[in-house]
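**Student:** Provided below for reference: sequence and predicted model.
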Amino acid sequence: MGFISLTSSEIFAWIILPLLIFFARVCDVSLGTIRIIFVSKGIKYLAPLIGFFEILIWLLAISQIMQNLTNVYYYIFYAGGFAIGNLIGIVIEEKLSIGTVGIRIITRQDAVELVNALKKSKYGITVVDAEGSKGKVKIIFTVINRQNIQKVINIVKQYNPKAFYHIEDIRYVSETLPSYMKPWYRRDHFRFINGWHKGK
């Protein structure tokens with residue numbers, strides 16, 4: 001019986017507990033990464049909720065480290081969880097495709113087909129004649145949801161593969177924009193949170 005008890009204790013100390021610390025750190029750092037992204041996107045009602053669970057999980061993980069300060073083995077799992085948590089948080093954000101972006105396309109070629117293709121795909125665009133360092137160019141600007149980035153890029157590559165384009169984050173969009181250009185997290189989607197926040 002003594003041997004079995006000792007073996008179980010070692011399994012917990014050297015396998016189960018380090019893994020718990022690792023996964024707790026992965027969870028809290030992933031939540032932290034998402035929370036920061038939500039704050040940067042102006043999603044102010046979800047960020048505090050995520051922060052609550054983030055710090056709760058962190059406290060559970062750090063409490064185990066504080067009880068085992070002499071065990072460097074736990075430090076490795078703690079640091080590993082932090083590193084993996086950052087990666088997972090970024091991957092989750094990419095999958096969620098949160099937010100609105102502006103894409104600016106600059107081309108020297110005839111942009112008629114590209115413009116028509118974007119219009120046909122129902123993207124709102126603005127076309128401006130401009131002067132570049134090597135002559136006249138056209139600037140095409142559109143505001144889209146993040147999940148549509150690759151679709152727009154594919155259209156650009158299909159009709160004007162040599163066009164220069166860049167993408168920038170947009171924190172807020174006008175309420176007068178068409179529905180296809182608005183992000184999924186509009187304020188009216190969180191009425192129950194707004195009501196709680198106002199004490200209703």
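**Tutor:** Great, that's in hand.
**Student:** Quick check: residue 106 is in a strand.
**Tutor:** Yes. The assignment for residue 106 (DSSP: H, G, I helix; E, B strand; the rest coil) places it in a strand.
**Student:** On the three-state scheme, the nearest residue to residue 17 once chain neighbours are set aside is what?
**Tutor:** Using C-beta to C-beta, 6 or more residues apart in numbering and skipping the chain neighbours, the partner closest in space to residue 17 is residue 64 (6.4 Å). Backbone N, C-alpha and C define where each C-beta goes, glycine included. Per three-state DSSP, the local secondary structure of residue 64 is helix.
**Student:** OK, contacts around residue 64?
**Tutor:** By C-beta atoms under 8 Å, 6 or more residues apart in numbering, the residues touching residue 64 are 17, 20-21, 74.
**Student:** any idea of the mean pLDDT in the one helix or strand residue 49 maps to?
**Tutor:** Using DSSP states H and E, residue 49 sits in helix 46-67. When pLDDT is averaged along helix 46-67, the result is 89.
**Student:** Can you name every helix or strand that whatever helix or strand comes next after that helix contacts?
**Tutor:** Downstream of helix 46-67, the first helix or strand assigned by DSSP H and E is helix 72-96. The contact analysis (3 or more C-beta pairs under 8 Å, 6 or more residues apart in numbering; DSSP states H and E) places helix 72-96 against helix 17-40, helix 46-67.
**Student:** Centre of the chain to the shortest one, how far?
**Tutor:** In this case it means helix 46-67. Helix 46-67 sits 20 Å away from the centroid of its parent chain (C-alpha atoms, centre = their mean, to the nearest Å).
**Student:** Report the buried residues of it.
**Tutor:** For helix 46-67, burial by neighbour count (16 or more other C-beta atoms under 10 Å) applies to 46-47, 50-51, 54, 57-58, 61, 64.
**Student:** what's the answer for stretch 92-101, then?
**Tutor:** Of the residues in stretch 92-101, 93, 98-101 count as buried by neighbour count, 16+ other C-beta under 10 Å.
**Student:** give the contact list for residue 19.
**Tutor:** Counting by C-beta under 8 Å, 6+ apart, residue 19 touches residue 77.
**Student:** same deal with residue 153?
**Tutor:** residue 165.
**Student:** Give me the buried stretch members for the helix or strand where it lies, please.
**Tutor:** Here residue 153, judged by DSSP H and E, is contained in helix 149-159. Residues of helix 149-159 classed as buried by neighbour count (16+ other C-beta under 10 Å): 152, 155-156, 159.
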